[in-house]
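Enquirer: Below are the sequence and a predicted model; questions follow.
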Amino acid sequence: MGKLIVLMGKSATGKDTIYKLLQADKSLNLQQLVPYTTRPMRAGERDGEAYYFVTEEEFHVLLEKGRVIEHRSYNTIHGLWRYFTVEDDQLDLAQYSYLLIGTLEAYVSIVKHFGPEKVIPVLVTLDDGVRLERALTREREQANPKYEEMCRRFLADSADYAQAKIDAAGICRVFENYSSKETAEEISHYIKEQLIL
């Protein structure tokens, strides 16, 4: 039986880079479970890679059909943005293990849906000053930088990833990411240990 590995952490902790390194690690043989969002695509993003980009109406159709495993809504400076995981054709836990990027809140909902024995948490952390530098660099690269939203998200992460919430979720292993390659190697070893439990 496969497992869901939920990679999570505050914004700009390097989750996307670590995700790509773990997906490229053939020894893990992890399948991709692409989440959905109603937010606009950023420069360089493609539909179906990091996210499936859908409309608000499409989100409600999936919700009404009972296919949404978990969802989060954010009232951003640019309107309501939703992020969610769908039980769709890409998911087959009978045969494969999957890697997805999520939030602590998403992890808790996924554990409720599938049970703790089927979900492996991977929490990535990084010094707030370094995160802020990375977030600002990434936002400057956008055709239309959204600095206010970057700041809102940065501040919201403090509440979303409060230590009490991490403890309540039962997460006791955390990975500091000062070198994505080294962190991905450490996480790879951890995942292999968890997959055989």
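Expert: That came through fine. Residues are numbered from 1 along each chain as shown.
Enquirer: Residues contacting stretch 132-140, please?
Expert: The set of residues external to stretch 132-140 that reach it, using CB atoms under 8 Å, 6 or more residues apart in numbering, is 11-12, 14, 145-147, 150, 153-154. From N, CA and C alone the C-beta is placed, and that goes for glycine too.
Enquirer: Ignore what I typed, I meant stretch 31-42.
Expert: 2, 4, 23, 47-56, 59, 62, 76, 78, 80-86, 90-91, 96-102, 142.
Enquirer: Just give me how far it sits from the chain centre.
Expert: 10 Å (CA atoms, centre = their mean, to the nearest Å).
Enquirer: mind checking pLDDT for Val34?
Expert: For Val34, the pLDDT comes out at 90.
Enquirer: out of the contacts of stretch 31-42, which are inside strands?
Expert: Among the contacts of stretch 31-42, the members falling in strands are 4, 52-53, 76, 80-86, 97-102 (criterion: DSSP state E).
Enquirer: Of those, keep whichever come out buried.
Expert: Buried subset of the ones in strands among the contacts of stretch 31-42 (neighbour count, 16 or more other CB atoms under 10 Å): 4, 52-53, 81-86, 97-102.
Enquirer: can you tell me which two in the residues you listed are farthest apart?
Expert: Trp81 and Ser97 (28.5 Å; CB to CB).
Enquirer: For the lengthiest helix in the chain, C-alpha coordinates in PDB please.
Expert: When the chain is parsed with DSSP state H, its longest helix is helix 180-195. Extracted as PDB, the C-alpha positions of helix 180-195 are listed here (Å, rounded to 0.1, in the frame of the first residue of the first chain):
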ATOM      1  CA  SER A 180      18.200  22.300  -0.700                       C
ATOM      2  CA  LYS A 181      20.400  19.400  -2.000                       C
ATOM      3  CA  GLU A 182      21.500  18.300   1.500                       C
ATOM      4  CA  THR A 183      18.000  18.800   2.900                       C
ATOM      5  CA  ALA A 184      16.400  16.800   0.100                       C
ATOM      6  CA  GLU A 185      18.900  13.900   0.800                       C
ATOM      7  CA  GLU A 186      18.100  14.000   4.500                       C
ATOM      8  CA  ILE A 187      14.300  13.900   3.700                       C
ATOM      9  CA  SER A 188      14.900  11.100   1.200                       C
ATOM     10  CA  HIS A 189      16.400   8.900   3.900                       C
ATOM     11  CA  TYR A 190      13.500   9.800   6.300                       C
ATOM     12  CA  ILE A 191      10.900   8.900   3.700                       C
ATOM     13  CA  LYS A 192      12.500   5.600   2.900                       C
ATOM     14  CA  GLU A 193      12.500   4.700   6.700                       C
ATOM     15  CA  GLN A 194       8.800   5.700   6.900                       C
ATOM     16  CA  LEU A 195       7.700   3.800   3.800                       C
END
